[in-house]
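Participant: Based on what follows, work out the 3D shape:
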Amino acid sequence: MRYFEDFSLGETFEFGSYHVTEEEIIAFASKYDPQSFHIDPVQAKASLFGDLVASGWHTASISMRLLVDGLFGQTAAKASPGIKDLRWLEPVRADDVLKLRFTIIEARVSQSRPRIGILQSRNELINQDGVTVMSMIASHFIGRRPETASA
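Facilitator: Take a look at the predicted model:
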């Protein structure tokens, strides 16, 4: 289990290998973002993208999955108060393989809840060609090591 004290300012993690499929793109978008360039390969050819692309919300969800599987599933993560500067920089297409780069850009102990640390991270979702397809700044509440938090 990793606690707040186990993270360092500037520390960077890279993890994941998520293969995006056409079926997944269509299924997610059909339920949550049913625009033609997400759900219809024929109509998508005539779109700005020239092909079927994943919803930005699907892309953000993949990022979250990679974060939990790669790091937060083994961390005393408590919650998140939110994100900012979410950017979809390049479209995600079927057969893209994505990884997540997670860099700690701020770390501090909560003033109101001293048993919790607050990390701020830069999250970059990167495709198989090394192109950043999505970025965001996120905040995370992380539990402090029990013996540290009670001291």
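Participant: Please make it C-alpha for all contacts and neighbour counts, starting now.
Facilitator: Will do.
Participant: can you map out the helices along the protein?
Facilitator: Taking DSSP state H as the criterion, the chain carries its helices at 22-32, 36-39, 41-45, 56-70, 146-149.
Participant: Below-threshold pLDDT in the chain: ranges please.
Facilitator: Judged by pLDDT under 70, the chain has its weakly predicted residues at 149-151.
Participant: Pick out the residue closest to the middle of it.
Facilitator: The chain has Ser63 as the residue nearest its centroid, 2.8 Å off, counting by CA atoms, centre = their mean.
Participant: related to what we said a few turns ago, Throw the helices of the chain into a markdown table and include distance to Arg108, thanks.
Facilitator: Putting those into a markdown table (distance: least, CA to CA, whole Å) gives the following:
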| stretch | distance to Arg108 |
| --- | --- |
| helix 22-32 | 36 |
| helix 36-39 | 40 |
| helix 41-45 | 45 |
| helix 56-70 | 20 |
| helix 146-149 | 13 |
